[in-house]
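> fold the following.
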Amino acid sequence: MRLYPDVLEVRWQIFAEAKKWDACVDIASALVQLVPERADGWIHRSPALSELNRVQEALDNLLTVADKFPEIWTIPYNLACYCSLLGRFDDAKGWF
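Presented below is the predicted three-dimensional model:
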């Protein structure tokens, strides 16, 4: 049952609380593989990557699904944050 999407979601939350970002990336990537139509994996993977100082990768991963989940506000918000961290302030304003 460890690989059921809802179980993975709970595991991600536990590892995020413990700041185990490598494990969070792995769990979120498993969610993306298992249920790409759910936004959870995509959303969780990017902040974990950012916490690992892989901000460009976080941005690139989330950009691929920005149009796929237009109703989820955390995606453009996170994209704005990553653009800001990368010094791309005009892009950040556009996403915000």
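
> relative to L86, how far out is D26?
For D26, the distance to L86 equals 24 Å [Cβ to Cβ, to the nearest Å]. Where C-beta positions appear, they are placed from N, C-alpha and C, glycine not excepted.

> no wait, E71
For E71, the distance to L86 equals 26 Å [Cβ to Cβ].

> who's more crowded, the two?
L86 (14 against 6; other Cβ atoms under 10 Å).

> residue contacts, the more buried one?
55-56, 59 (Cβ atoms under 8 Å, 6 or more residues apart in numbering).

> do P76 as well
66, 95-96.

> name the element it belongs to?
helix 74-85 (DSSP states H and E).

> can you give me the mean pLDDT across that helix?
Averaging pLDDT along helix 74-85 gives 96.

> swap in stretch 47-67?
Stretch 47-67 comes out with an average pLDDT of 95.

> show me what counts as buried in that stretch.
Neighbour counts over stretch 47-67 (16 or more other Cβ atoms under 10 Å) mark 47-51, 54-55, 57-59, 61-62, 65 as buried.

> repeat that for stretch 6-24.
For stretch 6-24, using 16+ other Cβ under 10 Å, the buried residues are 8-9, 11-12, 15-16, 20-21, 23-24.

> switch those over to JSON lines; also include secondary structure, pLDDT and distance to L34.
Below are these laid out as JSON lines (DSSP: H, G, I helix; E, B strand; the rest coil; pLDDT from 0 to 100; distance: Cβ to Cβ, whole Å):
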{"residue": "L8", "secondary structure": "helix", "pLDDT": "92", "distance to L34": "7"}
{"residue": "E9", "secondary structure": "helix", "pLDDT": "91", "distance to L34": "11"}
{"residue": "R11", "secondary structure": "helix", "pLDDT": "93", "distance to L34": "13"}
{"residue": "W12", "secondary structure": "helix", "pLDDT": "94", "distance to L34": "13"}
{"residue": "F15", "secondary structure": "helix", "pLDDT": "96", "distance to L34": "17"}
{"residue": "A16", "secondary structure": "helix", "pLDDT": "96", "distance to L34": "18"}
{"residue": "K20", "secondary structure": "coil", "pLDDT": "97", "distance to L34": "20"}
{"residue": "W21", "secondary structure": "helix", "pLDDT": "97", "distance to L34": "20"}
{"residue": "A23", "secondary structure": "helix", "pLDDT": "96", "distance to L34": "16"}
{"residue": "C24", "secondary structure": "helix", "pLDDT": "96", "distance to L34": "16"}
